[in-house]
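Undergrad: What follows is a predicted structure for the sequence shown.
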Amino acid sequence: MALMEVNNILGNYYNHYAERFAYYPPFLKFAAVCVVFFISLTLLIYCYIFINRRYNNYITQRNNTFRKKVVDIIIQHIILNSELEEKPAEQIIVPEDEFRELGFSKRWERQIIIDEFIYYHINFAGKVSLLLKRLFIQLGLEKNSYNKLNSNKWNKKIKGLHELAELQLLVPDVKMLELTNSRNRVLRMEARAAYIQLSKNEPFKFFDQVKEPMLDWEQLYLFEVITKSRNLVIPSFSRWLNIASNNSLIIFCLKLIVHYNQFNNIPSIRKLLDHLDVKVRVAAINELGQL
């Protein structure tokens, strides 16, 4: 009975205002509909913001809790391992079971572990670095990094490249060369930097396939990667002076020739004094002067 009374009251209330609304001029009807629409839209937006904030807070708290567990294991069993000073890295037992007990079957859990491994690998060297890399492989985390290279999102591909390059994990040349010629300029640059760091035999092989002009900031970034990479096999850069059709690559090679004092390449540089492109001629004159 109470429900029926409520329905009757609401029905009478609705009919009363519906009858009044029917006599409104058209412009007032339109204005009233707009007011109701925008009030409803505003309420929906506030609801979305509230729910989104609560969800983000939950995700942040969840990730921080899991990250703390991961960091505790890394610090306790790797960084503060009592065997670091007594045994070679190959003989130290790494706490694989400790991580597996965390139950990192979900993608977000594995990514947090990867991020922490990369962070500590960057900041520590020696045995700690070797143990982190060995444990990374034993846990099968490198598969996640390799899978990122096949993602449709360029930022995920870059993240995978950074992870593999930091841990010096090999990537097939075919895949790497494909990425060094990507249409995305940022991905292309990061792939070239990673190729230089990961390739053991021909770190500059991608020079043979450079098609797009290399901007100044790209050259600066690659120059820093090349000059700071350890145990890098440095070729004679005159190889690309005469065969490259990309003028920006020729100019970049000239800079590398000067940096590594490749005086035997002076005859090849002299030939560029007759180059059709004025920028190449200017660069050749400048580099000859420095040599």
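TA: Okay, I see it. The structure displayed is predicted, hence computed values, not measured ones.
Undergrad: where are the low-confidence patches of the stretch 1-150 of the chain?
TA: Where the stretch 1-150 of the chain drops to pLDDT under 70, the residues are 1-24, 27-29.
Undergrad: His259 touches Thr227, doesn't it?
TA: Yes. Using C-beta atoms under 8 Å, His259 is in contact with Thr227, at 6.4 Å. All C-beta atoms are positioned from the backbone trio N, CA, C, and that covers glycine.
Undergrad: Tell me who's in contact with Asn201.
TA: Val233 (C-beta atoms under 8 Å, 6 or more residues apart in numbering).
Undergrad: which SS class is it?
TA: coil (DSSP: H, G, I helix; E, B strand; the rest coil).
Undergrad: so how far is Val174 from it?
TA: Separation of Asn201 from Val174 (C-beta to C-beta, to the nearest Å): 14 Å.
Undergrad: hang on, the earlier thing: more neighbours: His259 and Thr227, which one.
TA: His259 (15 against 12; other C-beta atoms under 10 Å).
Undergrad: What is the end-to-end distance of stretch 193-206?
TA: One end of stretch 193-206 sits 10 Å from the other (C-alpha to C-alpha, to the nearest Å).
Undergrad: again with stretch 231-245
TA: By C-alpha to C-alpha, the extent of stretch 231-245 from end to end equals 29 Å.
Undergrad: What residues does the spatially most central residue of the chain make contact with?
TA: In the chain, the centroid-proximal residue (C-alpha atoms, centre = their mean) is Lys159; its distance is 2.9 Å. Contact analysis of Lys159 by C-beta under 8 Å, 6+ apart lists Lys148.
Undergrad: Return the backbone torsion pair for it.
TA: Main-chain dihedrals, Lys159, degrees, to the nearest 10: phi -60, psi -40.
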